[in-house]
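Asks: Need coordinates for the following:
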Amino acid sequence: MASLRARTASSSLLARGLGAGRRRLVWVAAVILVVCGLLAWWLLPSPAPSPSGRITFATGVRTGVYERYGSLLKHRLSRDLPKVRLTLQRSQGSVQNVARVASGKADFTITASDALAAYQEDGGKDASRIRACARLYDDYMHLVVPRDSPVNSAKDLKGLRVGVGEAHSGVWLVTNRLLKAAGLDMDHDIHPVREGIDRMPKLLAEGKLDAFFWSGGLPTNAVERLAERTDIRLVQLGDLLPRLHEQGRKSRYYRAAVMAPDAYPTVQRGRSVKTLAIANLLVTTDRTEADLTEGVTRSVIKSRDQIGREVHAAQKVDLRTAIYTDPVPLHEGARRYYRSVKP
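Replies: Here you go, the predicted structure:
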């Protein structure tokens, strides 16, 4: 009996010892978890606050690709950066857009790379402060004429009424150089009409223009709508590229390109059109905060498919090529974004 009582007492002591040991282990584990949590809170950076404030985005002429792209991007940013209020600002196009961003009259814009290079080479104020967020898509140069027009090359425009874009547009810049490559002087050999894509199609349809130049993504809605009511044709411009490149460094941003037959099916009727293309960049300046630029860049890249459903040119935005923003460097905020998604 005594032996049984001793064994029972021993078992009871052992059970109490094991229980106390478990309680100590649980207590130690809890302490470790608390300490680890405090260390993580102290050592790991806290999430950056969402960018906020008001910004202005310069777009382009009414019915142009820049304007439509800007409108869709504004809608996307309202979701991705809810504390940022974006105001769209119409402009005549690339040349004016560069000047507005450099001067601080706009915070972001889209512009063609040749217009950026021209601003730099002409000694534009604060040109060195311009920074890029992304390379977006290419503009394709159009020369639009009535279907029965005798014009088969820019050289045939002599003496005709030609839409050349507004004075501060990228269209005007390229057209001037193309005419020079064709051996024509804008002010003496043609009758230049300085209007934008919002006016030139109507003037052509009414017989008040013989031809017009346009630089835009494929397809451009204004050209599509013109084709619905007027029988038109696209004139090749590929024959001018060698002479264009002879104009020096400022012309190195133009490359040979082809409009595929499905760009404007009812106009091209199964035929491709040789032309030239110019890269478009999304730009800002070094005055813009890195967090804001990073957020805008992220939205632009991630909204490609959404915006591309309505602006087909936006489908060309590609993470692999977005970092190639010659002639301006990437903004630090944009560089931060690309580093974060680098495989």
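
Asks: Let's see the pLDDT reported for the residue positioned nearest the centre of the chain.
Replies: In the chain, the centroid-proximal residue (Cα atoms, centre = their mean) is Leu136; its distance is 3.7 Å. If you check Leu136, the pLDDT there is 95.

Asks: you'd agree it is up against Val317?
Replies: Yes - counting by Cβ atoms under 8 Å, Leu136 touches Val317, with 5.4 Å between them. Where you see a C-beta, it was placed from the backbone N, CA and C, and this is true even at glycine.

Asks: Next, show the common contact partners of the two.
Replies: Val300 (Cβ atoms under 8 Å, 6 or more residues apart in numbering).

Asks: where along this protein do the helices fall?
Replies: 2-43, 65-80, 94-103, 113-121, 170-181, 200-205, 221-229, 241-245, 265-268, 290-302, 304-308, 332-340 (DSSP state H).

Asks: Look up how far Ile197 lies from Val235.
Replies: 17 Å (Cβ to Cβ, to the nearest Å).

Asks: Looking at the two, which is more packed in?
Replies: Using other Cβ atoms under 10 Å as the criterion, Val235 and Ile197 rank with Ile197 on top: 31 against 19.

Asks: so what's that one up against?
Replies: By Cβ under 8 Å, 6+ apart, the neighbours of Ile197 are Val61, Thr63, Gly64, Val171, Trp214, Gly216, Thr220, Ala222, Val223.

Asks: ok, and the most crowded of these?
Replies: Val171 (32 neighbours).

Asks: Surely that residue and Glu195 touch.
Replies: No - the pair Val171 / Glu195 is not scored as a contact, 9.8 Å apart, by Cβ under 8 Å.

Asks: so what's in contact with these two at the same time?
Replies: By Cβ under 8 Å, 6+ apart, the residues touching both Val171 and Glu195 are Gly165.

Asks: Quick check: which ranges of the stretch 201-343 of the chain have low pLDDT?
Replies: Filtered on pLDDT under 70, the stretch 201-343 of the chain yields the residue ranges 343.

Asks: Distance check, Lys105 against Asn97.
Replies: Distance, Lys105 to Asn97, by Cβ to Cβ: 10 Å.

Asks: hmm, I was thinking of Glu294
Replies: Applying Cβ to Cβ to Glu294 and Asn97 gives a distance of 22 Å.

Asks: more crowded one of those two?
Replies: Taking other Cβ under 10 Å, Glu294 and Asn97 do not tie; Asn97 has more neighbours (31 against 22).

Asks: what bridges to the nearest residue to the more buried one once chain neighbours are set aside?
Replies: What sits nearest to Asn97 in space, not counting adjacent residues and going by Cβ to Cβ, 6 or more residues apart in numbering, is Thr109, at 4.1 Å. Bridge pairing for Thr109 (DSSP bridges) gives the partners Ala58, Val283.
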